[in-house]
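# no FASTA, just this:
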Ligand code: AMP
Ligand code: GLY
């Protein structure tokens, strides 16, 4: 149910939110996947939002927003669009436009935007930058060294205990990390990254291999101010039992029974806040969502990676649990104003990603999809769909996320699984073991 605020809104401490000017907002969401579908859904629940555009959007998003055919990285085109339509706030989903400077361009043009500058987005777009910040500000992470030269990298790797972790320094659509088990594989991977420029010219971070369950802690960040969102766990590997290649994520759930409130607080204080403060001290303050990909190792919680945006598919299970007004929250970050109280439902959410056969490798598109059954406690986030003549077709690697909601994770899973099994398409697969670590 939407929360209807009476204006002006009073906080318990007597402060008044200056939100009168936020009424009748027109919002643009940049991106076209499941994450953006979840963001559009959350914005549409706000009584302040009267119109949502999404560029480029997808078939599911089109039910709540007007989709416009502008690519998510076409910064000039997006800027023209917000000027023409009188958009009050732009919310950016993917990392590519952020690392290309969409927030810089919008700020220069006096347009309100939720998302970090290209300089702050380096926390995701350069693994070496992220490791340097962590080392400088005492944030726990795997030990590492960075190399540009193939022979030096290989000599270093030969001295390490296997497996080692190799990370291409730049953006690589989730494919820039390998975990070679022996020196032959490590040499081949280093060759691909440093000599054959598989992802373009760049450096490689060689990292210590850590063990333990991974989880995602997303925080709304405005300079040194850090507001944690509910925890979620993603499942990166393509196949059941955490086998197969890394993907963008095959499913997620929230909350997490294996992380206590104390551990979460510890991670906010010792990981997220020092990084936010460090970025301020470096002259590149972060404004947007800082995503901590964390691991609970036998030696405590450590950072695996940072992202400069909402996680996908974590956002699809986190935002449905939010009871506060998402639009007011992102506005508070974009404007540097008071943050409303952030409240969460006790319900659990769990979602299965239905992906095209062959993903994360090559896959076919344009297979018809049927059987999206709107059962109670079930929702769908479209990730890669398009509609034509009233029918739905696959148009991407990750196609749909089927999300269940219940009093427990088990109940959420049962609902989502029943609904996922009803989806009819001859070219989709999913992992039925999402949540296995906590069920
Ligand atoms: P990243 O893109 O940095 O998140 O890496 C992709 C995946 O590789 C992570 O989700 C982890 O499962 C794995 N990984 C990355 N770094 C490490 C590490 N230092 N130790 C163990 N696994 C890692
Ligand atoms: N789910 C992992 C990511 O968004 O990068």
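Happy to help now that I have it. Source: prediction; values computed, not measured. Ligands and ions are numbered 1, 2, ... in the order given.
# The residue nearest the centre of the chain in helix, strand or coil?
Closest residue to the average C-alpha location of the chain: residue 311 at 1.3 Å, with Cα atoms, centre = their mean. Secondary structure, DSSP: H, G, I helix; E, B strand; the rest coil: residue 311 is coil.
# wait, isn't it in contact with residue 234?
Yes. Here residue 311 lies in contact with residue 234, judged by Cβ atoms under 8 Å, at a distance of 6.5 Å. Where C-beta positions appear, they are placed from N, C-alpha and C, glycine not excepted.
# Which neighbours do those two have in common?
Jointly contacting residue 311 and residue 234 under the rule Cβ atoms under 8 Å, 6 or more residues apart in numbering are 216, 249, 252.
# What is the lowest-pLDDT residue among those?
Across the shared contacts of residue 311 and residue 234, the bottom pLDDT score, 95, is held by residue 249.
# Next, give phi and psi for the closest residue to residue 160 other than its chain neighbours.
Nearest non-adjacent residue to residue 160, counting by Cβ to Cβ, 6 or more residues apart in numbering: residue 206, 7.2 Å away. Phi and psi for residue 206, reported as degrees, to the nearest 10, are phi -100, psi 120.
# Let's see the pLDDT reported for residue 58.
Taking residue 58 on its own, its pLDDT is 97.
# any idea how far residue 188 is from residue 197?
Counting by Cβ to Cβ, to the nearest Å, the separation of residue 197 from residue 188 is 15 Å.
# meant to ask about residue 73, not that
31 Å.
# can you list contacts of the top helix by length along the chain?
Ranked by number of residues, the top helix in the chain under DSSP state H is helix 409-422. The contact list for helix 409-422 (Cβ under 8 Å, 6+ apart) reads 253, 257, 347-352, 354, 371, 373, 375-378, 380, 402-406, 430, 432, 434-435, 438-439.
# buried residues in that helix?
For helix 409-422, a neighbour-count test (16 or more other Cβ atoms under 10 Å) marks 409, 411, 412, 413, 415, 416, 417, 419, 420 as buried.
# Give me the distance from stretch 350-368 to the chain's centre.
Here stretch 350-368 is found 19 Å from its chain centre; the criterion is Cα atoms, centre = their mean, to the nearest Å.
# err, stretch 164-179, not the other one
On the basis of Cα atoms, centre = their mean, stretch 164-179 sits 17 Å off its chain's mean C-alpha point.
# and the gap between the residue of the stretch 251-400 of the chain found nearest ligand 1 and ligand 2?
Using Cβ to the nearest ligand atom, the single residue of the stretch 251-400 of the chain nearest to ligand 1 is residue 305, 3.5 Å away. Look at residue 305 and ligand 2: by Cβ to the nearest ligand atom, to the nearest Å, they are 8 Å apart.
# What lies in contact with the helix or strand hosting that residue?
For residue 305, the host element (DSSP states H and E) is strand 300-307. Residues from elsewhere that reach strand 300-307 (Cβ under 8 Å, 6+ apart): 95, 123-124, 127, 130, 134, 139-142, 210, 214, 263, 266-267, 270-271, 275, 290-295.
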